[in-house]
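J.: please work out how this folds:
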Amino acid sequence: MTEQDQVSQPQRVSHTKLLVRCGIVVVCMAAFPWASIPLYNAFCQWTGLRMELNAAPDIGSRVKDASFGKRDVTVEFIADASLKLPWTLKPEVSQMKIKVGEPVRINFYAENTSSRNVIARAVPSVSPEYGSPHFKKTQCFCFDNIQLQAGEKLEMPVVFYLDENFPEDIATVTLAYKVFDVTDRVEVITAAVQPVNATPSL
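T.: Next comes the predicted model:
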């Protein structure tokens, strides 16, 4: 055996050991994901601790759940009649504090101060506007036309709630009604749909 062969043989042995070690590392890395779950479960059973590793927490849902039914919001009420409507309108209170998700009833009062029958229509609005989709009305006089005889008074209930997605940065929301006289319009429509009595032919 030459001197060169004697030198290269230890080098080949060291290279072989290095390859074997690298192979062991690769196998361990590949096996770790499968081994980590039973190891984690065993650790939890031994210590009595558990952490949720499968999914990130839904922060949005946690915030909604925490605020639903607990967070207070001030609701302001405004009612206004158009210049052509001879009515007085007012809510029973100008504002109230409610909880998100809690159904609330409030009454509005209307009086026809004229000497004629009047039909009106209420148009609601909510501000800030981006809170409007989450302001839910389940009963409202704005769903239909309102008819009052001369001098008649009427109590008009509104039932509503703020849903769980109501924006958290809104501390005060305003529900406003503008009421318009639609008597002439309704009478024209009513007349147009009245059946015509046909004259019998001779």
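
J.: the closest residue to C140 other than its chain neighbours bridge partners, please.
T.: Closest residue to C140 apart from its sequence neighbours, by C-beta to C-beta, 6 or more residues apart in numbering: V158 at 5.0 Å. To be clear about C-beta, it is placed using only N, CA and C from the backbone, and glycine gets the same treatment. Listed by DSSP bridges, the beta-bridge partners for V158 are I106.

J.: in the protein, mark out all the strands, start to finish.
T.: Counting by DSSP state E, one finds strands in the chain at the ranges 72-81, 87-91, 95-99, 104-112, 118-127, 135-139, 146-148, 153-162, 172-181.

J.: buried sites along the fourth one?
T.: Read it as strand 104-112. Using 16 or more other C-beta atoms under 10 Å as the test for burial, strand 104-112 gives 106, 108, 110, 112.

J.: thinking again about what came up before, the residue nearest to C140 touches T138, doesn't it?
T.: No. Counting by C-beta atoms under 8 Å, V158 stays clear of T138, with 9.0 Å between them.

J.: who has more neighbours out of the two?
T.: Using other C-beta atoms under 10 Å, the more surrounded residue of V158 and T138 is V158, with 21 against 10.

J.: quick check: the more buried one vs G151, distance?
T.: Distance from V158 to G151, counting by C-beta to C-beta, to the nearest Å: 24 Å.
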